[in-house]
Structures are given as C-alpha cells and as structure tokens.
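Visitor: structure of the sequence below:
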Amino acid sequence: MLWWILIGLSAAWVGFAYLGYPLALLLLARLSPRPLRSGDAHPELSVIIAVHNGEPVLRRKLEATLDLAYPKRFEVIVASDGSTDGTDAIAGSMADRGVKLVRNPERLGKEAAQAAAIERAGGEILVFTDVTAELDQDALREIVRPFADPSIGCVSSEDVVDTEGGEGAYVRFEMALRRLESQATTLIGLSGSCFAARRALCTPWPTHLASDFRMALEAARRGMRAISEPNARARFSAIQDPAQEWPRKVRTVRRGIAVLAAYRELLHPRHGRTAFSLWGHKLARFTAPFALVVLLVASAAAAPRSLAAASLLALQLAAYGLGGLALASPAVSRWFGARLAGFFLLVNASMLVAWAYHLCGRRSVTWQPTRR
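Guide: From the prediction side, this is the model:
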C-alpha cells in the first residue's frame, strides 16, 4: 500500500507539471481571461545584444537588427562580455551606423554585460536579444505594442525552432503555455532570444540572476504583468548534438533555480494567479525529476507482488531505454518518438544535476553562448 501511495503521488505531480497545469490554464483563460490593451505607440527603443566571442555571427546580427522595421530611429548597443576575438572590432566598425560598444574588460557574465549596456541606454523600452536569434522584420514594432497597457511591465517574443525533434516539440509546448499565461495569469519566464522591458523595471539589475526569468518575476513583484507577443518571433536552429545540449540545459536550470529561490515569496497563495503559475510552470517542472525517481523506485518495489506495478516499471524502463538509445545513436533518433523520449530524458537528468550543484552552493554566473 505504501508503494502504491508513492506511485500515485509521484505520478500525480508529474501529471500536474506536464498536463494538469496546462489544462487548468486553458480553463482559466476561457472562463476568466485578464484584459489587455494593445496599441500603436512607438516609444524610444534601445536594443541590447550581450555577446561573448561572437565574431562568427555578430556582423550578420547587427545588419539584420539595423534593418528591422520601426517608425523611429533606435539605438543598438553591443555589450561585449570580455570578448577576446573580433567582436569588439566588428561593433566598433559599425559605429557610424549608430552601433554603440560597451565592453566589460573581464568576463563577468551575460547579466553583467547587460547591466553595463543599461547604464548607457537612452530608450524608454529596452529590448534584449541574443546574437544567434533571427528576429522577424516586424519584431520590434510588434513587441512594443502591448506597452500601451500600463499594467504590462515586460513582453517576450515567441521562439520558433527549425526542427521536428524533441527540442522543437518542447519549444512549441512552451510557447502554447506562454500564450495561455498571457491570457490568464502572467508569464513566469521570458524568452532569452528576445524580450523587452520598461526601463523602470531594469533598476536594479542583479548580475548573478538570469535576466529572462527574473524580469518576469520582478514585474509581478511590482504589481505588473509579463506577457508573450505571438507576432514578435525569434527564430533559431535546434541543437543536434546532445553533448552540446547537456551543459546548456544544466546551466539554464541552475540559473533558474537561483531565480526561483530569490523570488520564493511569490509562491505564497496571497499572490494569486502569479503564485499558481510559478508553482505550475516552474516549481512543479523543476521538481518533476524527483517524482520520476520516486515513481521508478516505488514501481520496482511493488513489481514482485503486482502485475500492474511490473507493467508500469517495464513501461518506464522501455521509455528511458529508448531515450538513451536516441541520445547515443543518430539512427535511432531519426524516429520522432525516440527523439522526444531522448529529449525528455536529457532535460530531466539535467535538472537533477542542476539541483545537485545548487544544493552544494555552486552557482552559475558566466555563460557560454551556444553555437547553433
């Protein structure tokens, strides 16, 4: 009976993280949506591109950024985080086109580079974008429209990934959640590819916390909302090599756990819909790997005396085995189901490792930009 209780509780927690929370959001969005007033205001913009050793892609990123459609002239700031390649020279060579270079002489991390750029920025709205993200032509014009509503503190772009594999399915699932959160509650995380925030929300700017996650929670802490704008799209290529994806996932979750700990007061029920989304989207997701471990152990313990438990155990082992084969073998990963299982396995294993780092007091501040 004890093992079946553990099986039920762990399965319910994982189910809430991946199915129950989205369904509850869907109902909330339909039955009690939060109003949003969007408009055609064109505030002063500063586009900030934090980069470390981005020589291979920076010039193309700057050319594309300067060509983005926007009714007013906007400034572009390259925040170089201790770059040792030709990043600074590329930014400097485009100074006559309005590109500003802000440089941290030492590598201090993405947020430290962004902080240095914020000090130099003159825009009312600050747009933060990654050097590898390809923005749609109208992305700037669309991402500022929701700021016509004074209750909106920050706006996220929508990510579009060019693959049908595990990462592509995961990104589409996340984007669907963000649309529902925009209608029903508030975004719990912004897209690191591109997001915009009111300048007033950008002070202070902690350099040890992931800005794309923290800014959404900072808006909620100050009584404002964060939303997603489906018409502001940022495109990027999927990472095909699991060996490259693994450290990025571990680093992302480590930084996410640190932000969650710093804003843990928002988990209190008095914060209403914000607390609900923080529990459902982040805390449940971050702790689901522990529930999966409990589910596996409890199923194994109950299997000798229960055919149902034995079948459940076999199903889990088969799924994990298929995921492992997909990560190890390109031939197996050609099958969509195998790729999905592999990505699910990689994500949850990376969360366990991230928790181990966090509980040992090892924080992640610097970042290694992903080569896609």
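Visitor: okay, stretch 88-95 in PDB with CA atoms only?
Guide: These are the backbone C-alpha positions of stretch 88-95, laid out as PDB (Å, rounded to 0.1, in the frame of the first residue of the first chain):
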ATOM      1  CA  ASP A  88      34.700  44.500 -30.300                       C
ATOM      2  CA  ALA A  89      36.300  45.400 -33.700                       C
ATOM      3  CA  ILE A  90      33.100  44.400 -35.600                       C
ATOM      4  CA  ALA A  91      30.900  46.500 -33.300                       C
ATOM      5  CA  GLY A  92      33.400  49.400 -33.500                       C
ATOM      6  CA  SER A  93      33.400  49.300 -37.300                       C
ATOM      7  CA  MET A  94      29.700  50.000 -37.300                       C
ATOM      8  CA  ALA A  95      29.800  53.000 -35.000                       C
END
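Visitor: so for the spatially closest residue to Leu209 that is not a sequence neighbour, what's the pLDDT?
Guide: With sequence-adjacent residues excluded and distances taken as Cβ to Cβ, 6 or more residues apart in numbering, Leu209 is closest to Val259, at 5.1 Å. Where C-beta positions appear, they are placed from N, C-alpha and C, glycine not excepted. With respect to pLDDT, Val259 scores 96.
Visitor: quick one: Val259 and Ser211 touch, right?
Guide: No: the criterion here is Cβ atoms under 8 Å, and Val259 misses it with Ser211 at 9.2 Å.
Visitor: by contact count, what packs against the stretch of helix or strand Arg141 belongs to?
Guide: Counting by DSSP states H and E, the secondary-structure element that holds Arg141 is helix 139-143. Helix 139-143 is packed against strand 152-161, strand 194-198, strand 225-236, with contacts defined by 3 or more Cβ pairs under 8 Å, 6 or more residues apart in numbering; DSSP states H and E.
Visitor: distance to Tyr18, mean neighbour count and mean pLDDT for these - can I get that in TSV?
Guide: Formatted as TSV, the entries for the helices and strands packed on helix 139-143 read as follows, by distance: least, Cβ to Cβ, whole Å; neighbours: other Cβ atoms under 10 Å; pLDDT from 0 to 100:
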stretch	distance to Tyr18	mean neighbour count	mean pLDDT
strand 152-161	19	25	94
strand 194-198	24	26	97
strand 225-236	19	22	94
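Visitor: looking at those strands, spot the one closest to Arg103.
Guide: Distances from Arg103 to each of the helices and strands packed on helix 139-143 were compared by Cβ to Cβ, and the smallest falls on strand 194-198, at 22.2 Å.
Visitor: quick one: low-confidence ranges for the protein?
Guide: Judged against pLDDT under 70, the low-scoring parts of the chain cover residues 163-166, 238-243, 363-372.
Visitor: and the residue nearest to Leu209, how many neighbours?
Guide: Residues lying near Val259 (other Cβ atoms under 10 Å) number 23.
Visitor: how about Gly15?
Guide: 15.
Visitor: quickly find the element holding it.
Guide: Gly15 belongs to helix 2-15, assigned by DSSP H and E.
Visitor: in that helix, what's buried?
Guide: Judged by neighbour count using 16 or more other Cβ atoms under 10 Å, the buried positions of helix 2-15 are Trp3, Leu6, Ile7, Ser10, Ala11, Trp13, Val14.
Visitor: now do stretch 26-33
Guide: Residues of stretch 26-33 classed as buried: Leu28, Ala29 (neighbour count, 16+ other Cβ under 10 Å).
Visitor: that one: how far from the chain's middle?
Guide: 24 Å (Cα atoms, centre = their mean, to the nearest Å).
Visitor: what comes into contact with that stretch?
Guide: Under the contact criterion Cβ atoms under 8 Å, 6 or more residues apart in numbering, stretch 26-33 has outside partners Leu180, Gln183, Ala184, Thr185, Arg273.
Visitor: by neighbour count, which of those wins?
Guide: Within the contacts of stretch 26-33, Thr185 tops the neighbour count with 25 neighbours, counted by other Cβ under 10 Å.
Visitor: count of residues packed around Val353?
Guide: Applying the criterion other Cβ under 10 Å, we find 16 residues in the vicinity of Val353.
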